[in-house]
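# Here you go, sequence then predicted model.
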Amino acid sequence: MHLTDTGPMVAEVSCQRQGAVVHVLLRHGQRMNAMTRSMWRQLREVFVQLQLDAGVRVVLVRGDGQHFCAGGDIAEYADFRFHEDSLRQFHEEDVWGGLSAMLECDVPIVAQIEGNCMGAGVEIASCCDLRLAASTARFGAPIAKLGFPMAPREAALVARVAGEMTAREMLLAAQVLDTPTMAQRGFLHRVLSAEQLGTEVEHLCARMSELAPQAARMNKRTLRALGQHGPAALAQLLLAAYAYADSREHREGVSAFMEKRAPVFPDHRHDT
Amino acid sequence: MHLTDTGPMVAEVSCQRQGAVVHVLLRHGQRMNAMTRSMWRQLREVFVQLQLDAGVRVVLVRGDGQHFCAGGDIAEYADFRFHEDSLRQFHEEDVWGGLSAMLECDVPIVAQIEGNCMGAGVEIASCCDLRLAASTARFGAPIAKLGFPMAPREAALVARVAGEMTAREMLLAAQVLDTPTMAQRGFLHRVLSAEQLGTEVEHLCARMSELAPQAARMNKRTLRALGQHGPAALAQLLLAAYAYADSREHREGVSAFMEKRAPVFPDHRHDT
Amino acid sequence: MHLTDTGPMVAEVSCQRQGAVVHVLLRHGQRMNAMTRSMWRQLREVFVQLQLDAGVRVVLVRGDGQHFCAGGDIAEYADFRFHEDSLRQFHEEDVWGGLSAMLECDVPIVAQIEGNCMGAGVEIASCCDLRLAASTARFGAPIAKLGFPMAPREAALVARVAGEMTAREMLLAAQVLDTPTMAQRGFLHRVLSAEQLGTEVEHLCARMSELAPQAARMNKRTLRALGQHGPAALAQLLLAAYAYADSREHREGVSAFMEKRAPVFPDHRHDT
């Protein structure tokens, strides 16, 4: 993980760790952080690395500047979209490579959303656990104007998280939706003024980083398996569901409560 | 497709094509468009025909006069409801015949909802992709007052689209819900004044008819398969998901964007 | 079913039948009705008994005093939580024993929610069909502060009823949510002032107890099977879906409507 230069027209996904919180930044200057193929691959790499770092407790995803992400980088489209093989490779390897690494991340992910959150932006936000937005943010996937459908895995993701109805409105009517609507549809956890958003997200991440990290990972794995397999996931989940009983984290949490003090949870260890 | 006479007590589902938009009208005078068995069969026929017409880009479903649809036509119930075989035939062939033809329609469907939208009305609206309502509309399925449950396929449809919680409230408490509630529950895309509704729906249909028709059909098929089979549908969907790469529609959409002009999409062709 | 003494620090789940309505009371004085292991077993027993009583038409679940239920009784945790076997027994037998008996109950269940509705409280409320809350109620499952995850079956229940997004917010951020938020998320059917809540719930239960009891049971079985098995449940459901055709209840409901009088539905009989 590293900080990167801020040159003109940088197109990258970078990350920076600040204590237990990792900041993932989507950055593509002058294009409202539209995702290039290279950025999708970097997104994957960032989340694969995060997953290996036991000291990370919260991930914050945001866009550089005034926007979250305006979609895919259309300037690249002529290079690969008009051939079935390269189009498949783009969606199944580049895009889904990045999104699936986010979905497989066991650490809680917070999205901080300002400005345009379109297409790829909605997909990336859908892979986050909590979504906080500035009241001025706008959401959509108006690709019906560009003459193509949403790829199946991506449509399944957006329909699951934003709701099938919202997916239909975005895809079939190319509708752009505002924050009150996206909060009502259950996509946004909180809507704040643009001025307050950064501070509130910072407080939320600080608060989340003091919660039990092993419990968070178990909860994420449970909800992921249920989302993928439905109730059929339960038999497998129950095999190891209570192995945490004697862990330090569990004992610390209950003890602290009984002793009326704040718990201090150890970092997650892969062997517990 | 044809326009029909407006005699007294006409009970029919008619349709009229205006350019790329087909208007489907539920009409049963003096009964708030309650569905007769014959109307269910006509509903099926209308949507089977629509599906074959490559020039149709949007379907608008509405009720004649001041109501969408008040439910089933109770005047017919004594003829068939009290015998298991004829009751099964009614639900599985007449009602599900109509609803399943709507669900299998690949063209986007908009519901324009005014007044009463009850029972069969909620089911028909649930088969539409976008639902716009007048603020005075009312929704429910108070059949618990009539002594019978919702048939399983219909309950699955309403629970999926209106939400399981709303289905429980309608069925177990015979609750009639207003438009703010149905918008909050995620059933309604937009709520408008009765004066504005017709004009807004007209604008929406005009706008939708300029979007890419092949992409719309692919999106509808994807969302339908996911709704029916969940993530298990993905393997099948991915086989042909990128065959559109070299299509005229796809090239036109991306080219128009690059050239900063409005795209002009050709009609959908079944061979592309 | 019986009324019980109100001693100091009583911890019990009691029930009392008033006509066709059974009142289930969660009571644990000075602990905001936190559930003990014994209370979970009583909850099971109460609902197993209810299910056998053909005269019951509505169940009302509420907490004693100013709260619904503050969660599990942490005072008991040191006795069983730190050993995998006893922890598994607690979740799979005690907790799931109670919750599954509620889910298997064919009679409509109304939750009246005031004050704190946390952890076990959210789970119990999620097993109800309709949820009405006082505007001052608060919802959450902040067990990440206690160092443990939500057990898989319970997480599946809460994610299904409150929504996956709300489950993530409660579990990963230990967020406590207010009534406007829980109404927007689709968890609460109605929010009322604390003064009005009791009266409105009483009216609702009275109204529901006049609806068709056999239809309610069929609707609950249909929605339960669909929730557990998805569309795969339909084949089984359709086998007996129309056997009610010739029942007294069905004939009474339709006849009463035709005769413009209020229906009088007979009690549900297990042989019809």
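Thanks, I have the structure now. Residues are numbered from 1 along each chain as shown, chains lettered A, B, ... in the order given.
# Around the nearest residue to A:M118 once chain neighbours are set aside, how many other residues sit close by?
Nearest non-adjacent residue to A:M118, counting by C-beta to C-beta, 6 or more residues apart in numbering or on different chains: A:G71, 4.5 Å away. For glycine as for every other residue, the C-beta is placed from the backbone atoms N, C-alpha and C. The number of residues packed near A:G71 is 23, by other C-beta atoms under 10 Å in any protein chain shown.
# residues in contact with A:G71?
A:34-35, A:118-121, A:141, A:143 (C-beta atoms under 8 Å, 6 or more residues apart in numbering or on different chains).
# and it, backbone torsions?
phi 130, psi -150 (degrees, to the nearest 10).
# Same check on A:V61?
Here A:V61 shows phi and psi, under degrees, to the nearest 10, equal to phi -110, psi 130.
# Quick check, it in contact with A:L130.
No. At 10.4 Å, A:V61 and A:L130 do not qualify as touching, with contact defined as C-beta atoms under 8 Å.
# Quick check: neighbours shared by those two?
In contact with both A:V61 and A:L130: A:109-111, using C-beta under 8 Å, 6+ apart.
# Make JSON lines out of those residues and add distance to chain B and secondary structure.
As requested, the shared contacts of A:V61 and A:L130 are exported to JSON lines (distance: C-beta to the nearest C-beta, whole Å; DSSP: H, G, I helix; E, B strand; the rest coil):
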{"residue": "A:I109", "distance to chain B": "21", "secondary structure": "strand"}
{"residue": "A:V110", "distance to chain B": "23", "secondary structure": "strand"}
{"residue": "A:A111", "distance to chain B": "20", "secondary structure": "strand"}
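# what about A:L99, how many neighbours?
There are 22 residues near A:L99, going by other C-beta under 10 Å.
# need the contact list for it.
A:43, A:123-124, A:127, A:153-154, A:157.
# now, which of these sits nearest A:M218?
A:C127 (18.9 Å; C-beta to C-beta).
# so how far is chain C from the closest one?
Separation of A:C127 from chain C (C-beta to the nearest C-beta, to the nearest Å): 12 Å.
# can you give me the strands in the stretch 151-272 of chain A?
Secondary structure of the stretch 151-272 of chain A by DSSP state E, counting those that start in this stretch: the strands cover A:177-178, A:190-192.
# and the last one, does that touch chain B?
No. Using C-beta under 8 Å from any C-beta of the partner chain, we find that strand A:190-192 stays clear of chain B, coming within 15.2 Å at best.
# what pairs with that strand, and is each one parallel or antiparallel?
Applying DSSP bridges, strand A:190-192 is found paired with strand A:130-134 (parallel).
# Just the buried positions in the partner strand, please.
Residues A:130-134 are the ones in strand A:130-134 that count as buried (16 or more other C-beta atoms under 10 Å in any protein chain shown).
# now stretch A:222-236
A:222-223, A:225-227, A:229-230, A:233-234.
# that older thread, can you list the strands of the stretch 151-272 of chain A in CSV and add mean neighbour count and distance to A:S255?
Listed next are the strands of the stretch 151-272 of chain A as CSV, based on neighbours: other C-beta atoms under 10 Å in any protein chain shown; distance: least, C-beta to C-beta, whole Å:
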stretch, mean neighbour count, distance to A:S255
strand A:177-178, 18, 46
strand A:190-192, 18, 32
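# tell me the centre residue of chain A?
Geometric centre of chain A, nearest residue: A:C128, 2.8 Å, by C-alpha atoms, centre = their mean.
# neighbours around the residue nearest to that residue when sequence neighbours are not counted, how many?
Using C-beta to C-beta, 6+ apart and skipping the chain neighbours, the partner closest in space to A:C128 is A:A111 (3.8 Å). Neighbour count of A:A111, defined by other C-beta under 10 Å: 26.
# so what's A:A111 up against?
Applying C-beta under 8 Å, 6+ apart to A:A111 gives the contacts A:61-62, A:68, A:124-125, A:128, A:130-132.
# Tabulate those (a markdown table), appending pLDDT.
As requested, those are exported to a markdown table (pLDDT from 0 to 100):
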| residue | pLDDT |
| --- | --- |
| A:V61 | 98 |
| A:R62 | 98 |
| A:F68 | 98 |
| A:I124 | 98 |
| A:A125 | 98 |
| A:C128 | 98 |
| A:L130 | 98 |
| A:R131 | 98 |
| A:L132 | 98 |
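# Looking at those, spot the one nearest chain B.
Using C-beta to the nearest C-beta, A:R131 comes nearest to chain B of these, at 16.3 Å.
# OK, contacts around the closest one?
A:110-111, A:113, A:125, A:187-189 are the contacts of A:R131 under C-beta under 8 Å, 6+ apart.
# Can you name the residue of the stretch 1-150 of chain A nearest to chain B?
Nearest residue of the stretch 1-150 of chain A to chain B (C-beta to the nearest C-beta) works out as A:G147 at 2.1 Å.
# isn't that residue right next to B:P266, touching?
No. At 10.1 Å, A:G147 and B:P266 do not qualify as touching, with contact defined as C-beta under 8 Å.
# No further questions, thank you.
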